[in-house]
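Student: I need the structure of the sequence given here:
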Amino acid sequence: MPGARRTLIPTARAAAAALLIACFGGPAAVAGPVIEYLGTHVWQEADEDFGGFSGLELTADGSGFTALSDRGTLRWGSIHRDRQGRIRELSTAGHARLQDSNGTPLKPGYLGDAEGLAIDRQGRIFVSFEGLDRIARYDDPDSPADPIPRADWFRKLRRNLGLEALAITDTGDLLTIPEAWPDEGNGFPVWRYRGGAWSNPFHLPRDDAWAPVGADIGPDGRLYVLERHFRGLRGFQSRVRRYEFGEDYAGPPETLIETSLLQFDNLEGIAVWADGQGIRITMISDDNFLFLQRTELVEYRIRD
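Tutor: Numbers count the residues shown, from 1 in each chain. Sure, this is the predicted structure:
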């Protein structure tokens, strides 16, 4: 038995040493963000213009909203939350039909297919359109459009696959991403409008199953992109990825959220804000004005 004891003691010491190394001596693990699903609120109103929401902006504290319909209307109001910060009700304070530069109300369809929404620090509203692919500025919801000059790239956009995602930086740069792009080699272009001129500072990696449909700049200065995977009769999947970005580069994507089929409706608009406990992601669905679909606001919290 003495021989067996000599064999067991080194083994025990080795195991203890390995445990200490694993607990204290090894390389530190890199912790990822903590993702918390907060809830889904179904929003319903009776008027005929309600629905088709493709763009969303929230105030810095998440208490006010502006929602854009792809039939060319804006709706704004207040979000009422419970003590845990979950949405309990939305109340509309006003709504308006977007106008062209002559002050004529836009009709749904080719000229009125509004998709992306961004609001700058001065409260000016920017809207990207499909159909006739363009971006317009509105000093208030009832003002005529002030057109942003079109980039040459817009001529290559495919019908109904145009400027879905729109965001604005703190310095006033507009960023827009097409839903599809024929040049598959470089990924999805991010086009920037600054000082009266367009540029293409970087691309985002392409995944043919997913299409960018919404974007926002978070309070952390990163670019958040909402993507959609449409599976026909099987429904929709949604994904949110974020990027560190600079003057002429974007870092690798970080996937934060990827839903399962039929978990939510057709999420198209995204707003990113700080709620005091982390970064809140609020998304809104486009019900396509179909009775089989519904308008949902879906919220997650990201803790880094």
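
Student: for residue 40, give me its contacts.
Tutor: Shown in contact with residue 40 (Cβ atoms under 8 Å, 6 or more residues apart in numbering): 264, 296, 297, 298, 299. Where you see a C-beta, it was placed from the backbone N, CA and C, and this is true even at glycine.

Student: no wait, residue 116
Tutor: So residue 116 contacts 54-55, 68, 126-128, 135, 163-166, 176, 214-215 (Cβ under 8 Å, 6+ apart).

Student: before we move on, what about residue 85?
Tutor: 38, 62, 275, 280.

Student: in the longest strand anywhere in the chain, which residues are buried?
Tutor: Using DSSP state E to define each element, the chain has its longest strand at strand 87-97. Buried residues in strand 87-97, counted by 16 or more other Cβ atoms under 10 Å: 87, 90, 95, 96, 97.

Student: with just CA atoms, put it into PDB.
Tutor: Output in PDB follows, covering the C-alpha atoms of strand 87-97 (Å, rounded to 0.1, in the frame of the first residue of the first chain):
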ATOM      1  CA  ILE A  87     -44.600  48.800 -22.700                       C
ATOM      2  CA  ARG A  88     -48.200  48.900 -21.600                       C
ATOM      3  CA  GLU A  89     -49.800  51.400 -24.000                       C
ATOM      4  CA  LEU A  90     -49.100  53.700 -26.900                       C
ATOM      5  CA  SER A  91     -51.100  56.900 -27.300                       C
ATOM      6  CA  THR A  92     -51.000  58.800 -30.600                       C
ATOM      7  CA  ALA A  93     -50.700  62.600 -30.300                       C
ATOM      8  CA  GLY A  94     -50.900  63.300 -34.100                       C
ATOM      9  CA  HIS A  95     -50.300  61.900 -37.500                       C
ATOM     10  CA  ALA A  96     -49.600  63.400 -40.900                       C
ATOM     11  CA  ARG A  97     -49.300  62.400 -44.600                       C
END
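
Student: state the distance from residue 85 to residue 301.
Tutor: 8 Å (Cβ to Cβ, to the nearest Å).

Student: same thing with residue 272?
Tutor: 11 Å.

Student: ditto for residue 90
Tutor: From residue 90 to residue 301 the distance is 19 Å (Cβ to Cβ).

Student: likewise residue 102?
Tutor: Counting by Cβ to Cβ - residue 102 and residue 301 are separated by 44 Å.

Student: please apply the same query to residue 172.
Tutor: 28 Å.

Student: next one: residue 211
Tutor: On the measure of Cβ to Cβ, residue 211 and residue 301 end up 25 Å apart.

Student: show me where the stretch 151-300 of the chain has strands.
Tutor: 163-168, 174-178, 188-194, 197-204, 211-217, 223-230, 236-243, 254-258, 267-274, 279-285, 296-303 (DSSP state E, counting those that start in this stretch).

Student: surely residue 127 is in contact with residue 98?
Tutor: Yes. Using Cβ atoms under 8 Å, residue 127 makes contact with residue 98 at a distance of 6.6 Å.

Student: overlap in contacts, the two.
Tutor: 114, 136, 138.

Student: tell me which of those is nearest to residue 106?
Tutor: Closest approach to residue 106 among these (Cβ to Cβ): residue 114, at 7.8 Å.

Student: more neighbours, residue 102 and residue 301?
Tutor: Shown here are residue 102 and residue 301; by other Cβ atoms under 10 Å, residue 301 has more neighbours (17 against 7).

Student: bridging residues for the more buried one?
Tutor: residue 36, residue 280 (DSSP bridges).

Student: ok, now how distant is residue 303 from residue 60?
Tutor: From residue 303 over to residue 60 (counting by Cβ to Cβ), the distance is 18 Å.

Student: who touches residue 190 in this structure?
Tutor: Residue 190 neighbours (Cβ under 8 Å, 6+ apart): 175, 176, 177, 200, 201, 202, 203, 204, 223, 250.

Student: who does it bridge with?
Tutor: Residues in beta-bridge contact with residue 190 (DSSP bridges): residue 202.

Student: which residues of the stretch 151-300 of the chain score low on pLDDT?
Tutor: 184 (pLDDT under 70).

Student: find the nearest non-adjacent residue to residue 296, please.
Tutor: Nearest non-adjacent residue to residue 296, counting by Cβ to Cβ, 6 or more residues apart in numbering: residue 285, 4.5 Å away.

Student: I figured the one you found hits residue 270, correct?
Tutor: No. At 11.1 Å, residue 285 does not count as touching residue 270 under the criterion of Cβ under 8 Å.

Student: who are the contact partners of residue 135?
Tutor: 116, 126, 127, 128, 129, 147, 148, 163, 166, 174, 176, 193.
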